[in-house]
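Engineer: Okay, structure incoming, though there's no sequence with it:
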């Protein structure tokens, strides 16, 4: 197939480009490098089946020739308010790429009668009152809160994707991606895994907030890419969770990182900084992905962290 990947120089997008090329497809990546990194796709320069367009998909998408699949991944994704790459620092860009960017990507898919894949997010569930989160849970979201630019952009993206499927008959997919980590994450991303790894490798204390009992579920990038690859080929039009259901507290994660890196600096406990809409728990119910895709994660947290630590050591 000939496949367009928006956000193709991002963390997830660049890994998806690698996988699609290894599956013998032709890939055109589009990225304006607001949060993506050119080095993520530098190894693909000169590849006979890979092309790169530096452009903002919120403005317009123009790809010459026939397209068989459009994968819309473009968006800031870090909730960290102190990171220059977090969506709190890029609120307008985040809303525009979720709304206008999704509309443009859908238009490209419709013009080519191509399959359309949207990577949505677990953030559509907000601070959930149901645990674990199933796809039929409608969420607990503040539409004007400090995370609303991302939550609402993705909720709108799901709505317009569904409208294109119902009204235009477009063959669409919606993946609700839960916390994912691995090589090529920005060192200054601001999310917990990059923060902990950078602190540990610099032999600085790992900063844990509050009692450290907040939980997340972390999926290694290779497992996520396998799930996305299967979803592309399966006519599932309703949203589908993709993530690792193994839950861990932030305190346990910090202790695991210290053990795997050999850091001697320990843990620094700071006052809780949880915002009013920050989720206390996050864990996917992946029953539908198991049933419909035959998919579930296989890479355990420690194995995935070791691979990620190796990448971070090389880049630090």
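Structural biologist: Received the coordinates, thanks. From a predicted model like this one, the values you see are computed outputs, not experimental measurements. Numbering: from 1, shown residues only.

Engineer: which SS class is residue 311?
Structural biologist: What DSSP: H, G, I helix; E, B strand; the rest coil gives for residue 311 is helix.

Engineer: what does the model give it for pLDDT?
Structural biologist: pLDDT recorded at residue 311 is 98.

Engineer: ok, for it, nearest residue in space, not its chain neighbours?
Structural biologist: Spatial nearest neighbour of residue 311, chain neighbours left out: residue 183 (3.5 Å); criterion: C-beta to C-beta, 6 or more residues apart in numbering. (Glycine included, C-beta is placed from N, CA and C.)

Engineer: so who does the one you found touch?
Structural biologist: Residue 183 sits next to 221, 307-308, 310-311 when contact means C-beta atoms under 8 Å, 6 or more residues apart in numbering.

Engineer: What of residue 139?
Structural biologist: Here residue 139 is in contact with 124-126, 128, 155 (C-beta under 8 Å, 6+ apart).

Engineer: Residue 171 and residue 60, how far apart?
Structural biologist: Residue 171 sits 23 Å away from residue 60, going by C-beta to C-beta, to the nearest Å.

Engineer: Compare the two and say which one has the larger neighbour count.
Structural biologist: residue 171 (15 against 11; other C-beta atoms under 10 Å).

Engineer: can you pull the pLDDT of that one?
Structural biologist: 98.

Engineer: measure it to residue 235 for me?
Structural biologist: Distance of residue 171 to residue 235, computed by C-beta to C-beta: 7 Å.

Engineer: Could you do residue 118 as well?
Structural biologist: Counting by C-beta to C-beta - residue 118 and residue 235 are separated by 15 Å.

Engineer: Looking at those two, which one has more neighbours?
Structural biologist: Neighbours per residue (other C-beta under 10 Å) separate residue 118 from residue 235, with residue 118 holding more: 25 against 10.

Engineer: Contact partners for that one?
Structural biologist: By C-beta under 8 Å, 6+ apart, the contact set of residue 118 is 72, 102, 157-158, 161, 172-175.

Engineer: ok, the closest residue to residue 40 other than its chain neighbours - how many residues close by?
Structural biologist: The shortest distance from residue 40 to any non-neighbouring residue, by C-beta to C-beta, 6+ apart, is to residue 14 (3.7 Å). Residue 14 has 28 neighbours, counted by other C-beta under 10 Å.

Engineer: And the one 10 residues further on, by the same measure?
Structural biologist: Residue 24: 8 surrounding residues under other C-beta under 10 Å.

Engineer: now do the one 4 residues further on
Structural biologist: Under the neighbour criterion other C-beta under 10 Å, residue 28 is assigned a count of 21.

Engineer: pretty sure it is in a strand, no?
Structural biologist: Yes: counting by three-state DSSP, residue 28 is part of a strand.

Engineer: List the residues that contact it.
Structural biologist: Residues counted as contacts of residue 28 (C-beta under 8 Å, 6+ apart) are 2-5, 8, 50-53, 63, 67.

Engineer: Can you tell me how far it is from residue 271?
Structural biologist: 47 Å.

Engineer: Ok, residue 36 next?
Structural biologist: Relative to residue 271, residue 36 is positioned 34 Å away (C-beta to C-beta).

Engineer: now the strands: where do they sit in the stretch 101-250 of the chain?
Structural biologist: 115-121, 172-177, 180-181, 206-209, 215-217, 219-220, 240-242, 247-249 (DSSP state E, counting those that start in this stretch).

Engineer: Contacts only, for residue 269.
Structural biologist: 208-210, 212.

Engineer: Let me see the confidence value for the residue of the chain positioned farthest from its centre.
Structural biologist: The centre of the chain is farthest from one residue, residue 264, which by C-alpha atoms, centre = their mean lies 31.2 Å away. The per-residue pLDDT reported for residue 264 equals 93.

Engineer: Next, give phi and psi for the closest residue in space to it that isn't next to it in sequence.
Structural biologist: Leaving aside its sequence neighbours, residue 264 sits nearest to residue 203 (C-beta to C-beta, 6+ apart; 6.1 Å). With angles defined as degrees, to the nearest 10, residue 203 sits at phi 60, psi 40.
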